[in-house]
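> Sequence and predicted structure are below.
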Amino acid sequence: MTANDKMTIPRIAWEDMVDNHGKPKAEGARQFGEALRIIGFAIITGAPFRSDLLDRNYALMGEVFGLGVDRLTQKYTHPEIGHQRGYMPTKTEFGIRCGGDPDDKEVMAFGSYHNVEVPDVPDYRNTAEAYYAACQDVGYTLMHVLSLYLDPQGLERDFLLGLFRDPQGRRIDDSHMRHIRYPGNAKRMACEHTDSNMLTLLPAATRSGLEVQNNRGEWIAAATNKGDLVINAGDMLNFVSGGRILSTMHRVENKNPDPHAFRHSMPFFFHPDHTQELHVLKSCRQEPVDRRMFPYERISGYHLLYELLSTYKMIPEEIKVDEWVASMEHLKHEGF
């Protein structure tokens, strides 16, 4: 990767990273890892997603948001868990780097268990969960690829993959998927931010707008074609890699306002089980550790997510971390 490449988002073919058996290829792993090290983003071509499943998600998403803010707010909002399931109305999530103004977007949120049903759109939940499962498969494979890049000697290669397995070796995660509608006349759709999770998987949205901050501080467009998959590293991956992988600032801007043209987007935030504790990989640890960047030896997934949601004012101030964790555990085991 040359100096000029640092100004753009690299494009990498899935078949160059992964063989027919789902095993990572060394050169492809290096290319993917270097992209995340230098700019924190990569665009994957040829990822194993069914195009009809993507199209169906976007179509049903439009039907659900078409039910109207009042109806969705009344029936499907769950602020007690930081809107981690169901409907989040517009101007709920605050952009702390944009003067504290709220983002202008609506969200339907999904996880790996207990998602909301929308009876008016009968196939909505099943279709969303099918895409969610496809993202899980891709996410696990990408963590395998990154394990080869970050830990080529295999000192702790099982650690990254182990964050997504239970004690019996079964795959498990607490990932979060959003169906997002941005109004067509909003100037700023999403304030600049980093993501808190391991990896974010983002198929091409229905309109352009995603911008990434490069190492010169310039905002560059993440130009995608249908079928492309944008991948970016989050704060958790930045932490476990000892800062080697970048969690890069990004935003959504509206360059061509049109009140009749909504922007629909479908990010999938790949996240370990919330009970897992993270530490810096031995292969990435530098001595002495920079405590300004990494003040903790270990961090809990639950507490990191609570901190994020509180910062964006998505959890009522009166709900403290222990109460919120209890609510999330109740959701996991009992449902709403």
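Thanks, I have the structure now. Numbers count the residues shown, from 1 in each chain.
> Under a three-state scheme, what state does His83 occupy?
On the three-state scheme (DSSP: H, G, I helix; E, B strand; the rest coil), His83 is labelled coil.
> now swap in Ile220 and tell me
Taking three-state DSSP, the label given to Ile220 is strand.
> Go ahead and confirm it touches Glu211.
Yes. With contact defined as CB atoms under 8 Å, Ile220 counts as touching Glu211 (6.5 Å). For glycine as for every other residue, the C-beta is placed from the backbone atoms N, C-alpha and C.
> the helices in this protein, which residues?
Counting by DSSP state H, the segments of the chain that form helices are 14-17, 26-38, 51-65, 69-76, 124-150, 157-162, 235-240, 301-311, 321-334.
> Kindly reformat the ones you listed as TSV containing distance to Leu278.
Below are those laid out as TSV (distance: least, CB to CB, whole Å):
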stretch	distance to Leu278
helix 14-17	24
helix 26-38	17
helix 51-65	30
helix 69-76	32
helix 124-150	13
helix 157-162	9
helix 235-240	5
helix 301-311	7
helix 321-334	16
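> With respect to Phe270, which of the ones you listed lies nearest?
Nearest to Phe270 among these is helix 124-150; the distance by CB to CB comes to 3.8 Å.
> List the contacts of the closest residue to Gly62 other than its chain neighbours.
Leaving aside its sequence neighbours, Gly62 sits nearest to His264 (CB to CB, 6 or more residues apart in numbering; 6.6 Å). Listed by CB atoms under 8 Å, 6 or more residues apart in numbering, the contact partners of His264 are 58, 61-62, 179-182, 205-207.
> what about burial for those residues, which qualify?
Among these, the ones that count as buried by 16 or more other CB atoms under 10 Å are 58, 61, 179-182, 205-207.
> circling back to that earlier point, so which of the helices of the chain has the densest surroundings on average?
Neighbour counts (mean count of other CB atoms under 10 Å) averaged over each of the helices of the chain peak at helix 235-240, with a mean of 23.
> Determine which two of the buried ones among the contacts of His264 are furthest apart.
Distances among these were taken as CB to CB; the most separated pair is His179 and Arg207, at 14.7 Å.
> Least confident secondary structure element in the protein?
When the helices and strands of the chain are compared on mean pLDDT, DSSP states H and E, strand 298-300 comes out lowest with a mean of 54.
> pLDDT score for the residue lying closest to Ala134 once chain neighbours are set aside?
When the adjacent residues along the chain are set aside, Ala134 lies closest to Phe49, with 5.7 Å between them (CB to CB, 6+ apart). Listed pLDDT for Phe49 reads 91.
> Tell me if I'm right that Tyr131 and Asn57 touch.
Yes. At 5.1 Å, Tyr131 and Asn57 qualify as touching, with contact defined as CB under 8 Å.
> list the contacts for Leu72?
Listed by CB under 8 Å, 6+ apart, the contact partners of Leu72 are 64-65, 87, 89, 106.
> mind running it again at 10 Å?
The contact partners of Leu72, taken as CB atoms under 10 Å, 6 or more residues apart in numbering, are 64-66, 86-89, 106, 108, 116, 118.
> could you check the distance from the spatially most central residue of the chain over to Val18?
Nearest to the mean C-alpha position of the chain, by CA atoms, centre = their mean, lies Phe269 at 2.5 Å. To Val18, Phe269 is 21 Å away according to CB to CB, to the nearest Å.
> again with Gly33
Separation of Gly33 from Val18 (CB to CB): 14 Å.
> list the residues that contact both of the two?
Taking CB under 10 Å, 6+ apart as the criterion, Gly33 and Val18 both touch Val145.
> Spell out the residue ranges of the strands in the stretch 101-250 of the chain.
Counting by DSSP state E, counting those that start in this stretch, the stretch 101-250 of the chain has these strands, from start to end: 106-110, 176-182, 188-193, 199-203, 210-213, 219-221, 229-233, 250-253.
> mean pLDDT for the ones you listed: which is lowest?
Across those, strand 188-193 has the smallest mean pLDDT, namely a mean of 80.
> Which secondary structure elements does that one sit against?
Contact here means 3 or more CB pairs under 10 Å, 6 or more residues apart in numbering; DSSP states H and E; on that basis strand 188-193 packs against strand 176-182, strand 210-213, strand 250-253, strand 263-265.
> The same query, at a cut-off of 7 Å, please.
Counting contacts by 3 or more CB pairs under 7 Å, 6 or more residues apart in numbering; DSSP states H and E, strand 188-193 is packed against strand 250-253.
> And the strand it packs on, how far out from the chain middle?
Strand 250-253 sits 14 Å away from the centroid of its parent chain (CA atoms, centre = their mean, to the nearest Å).
> looking at the sheet around His179, what are its partners?
In this structure, His179 bridges to Met108 when assessed by DSSP bridges.
> looking at it, it is touching Glu63, isn't it?
No. Counting by CB atoms under 7 Å, His179 does not reach Glu63; the two are 10.9 Å apart.
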